[in-house]
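Q: task: produce atomic coordinates for the following.
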Amino acid sequence: ENKYSPTIMQQRSCWNELCRCYYELGEYDRAIRAGSCALEMNRHYVGVHKYVALAHSAKGNLEEAQRIMNRAVLFETPWDEDNRRTQTLIFREMCADLGKKLA
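A: Presented below is the predicted three-dimensional model:
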């Protein structure tokens, strides 16, 4: 074991923050890939679903964004009511956006 190797938690945090950075830079495909890596490590990680969904939304893939936010509501931190409310709000906003696009 290398004492300089990052822990799994540190790796997941790096992927999460990388996802957010790529999203903020408009690099949506890279944001989706980085976020997917974090989610593969742990789907309960707070905040990752949001930036993956926002990246899909920015690419015009609102149905996929909605699906991802639905997963956030169900899986991200089901034991944390505050986070569930936050994720539910984002999910509802994306549903409303999708409804406007389909109308």
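Q: mind checking pLDDT for the nearest residue to Val48 once chain neighbours are set aside?
A: For Val48, ignoring the flanking residues on the chain, the nearest one in space by C-beta to C-beta, 6 or more residues apart in numbering is Ala38 at 4.6 Å. In this view, the C-beta of every residue, glycine as well, is placed from N, C-alpha and C. Looking at Ala38, its pLDDT is 85.
Q: which SSE is Ala38 in?
A: Per DSSP states H and E: Ala38 is located in helix 28-41.
Q: who are the packing partners of that helix?
A: The contact analysis (3 or more C-beta pairs under 8 Å, 6 or more residues apart in numbering; DSSP states H and E) places helix 28-41 against helix 8-24, helix 48-58.
Q: returning to that earlier point: burial measure for the residue nearest to Val48, as a count.
A: Using other C-beta atoms under 10 Å, Ala38 has 24 other residues around it.
Q: Ala31 versus that one, what's the distance?
A: For Ala38, the distance to Ala31 equals 11 Å [C-beta to C-beta, to the nearest Å].
Q: which residues are in contact with both of the two?
A: Cys19 (C-beta atoms under 8 Å, 6 or more residues apart in numbering).
Q: related to what we said a few turns ago, what does the helix holding Ala38 contact?
A: 8, 11-12, 15-16, 18-20, 22-23, 45, 48-49, 51-52, 54-56, 58-59.
Q: and for Lys50, the neighbour number?
A: With other C-beta under 10 Å as criterion, Lys50 counts 23.
Q: ugh, typo on my part, it should be Thr77
A: With other C-beta under 10 Å as criterion, Thr77 counts 17.
Q: so what's the nearest residue to it once chain neighbours are set aside up against?
A: Computed as C-beta to C-beta, 6+ apart, the closest residue to Thr77 that is not its neighbour in sequence is Asn83, at 4.6 Å. By C-beta under 8 Å, 6+ apart, Asn83 lies in contact with 46, 76-77.
Q: switch to 10 Å and redo it
A: Residues in contact with Asn83 (C-beta atoms under 10 Å, 6 or more residues apart in numbering) are 44, 46-47, 72-73, 76-77.
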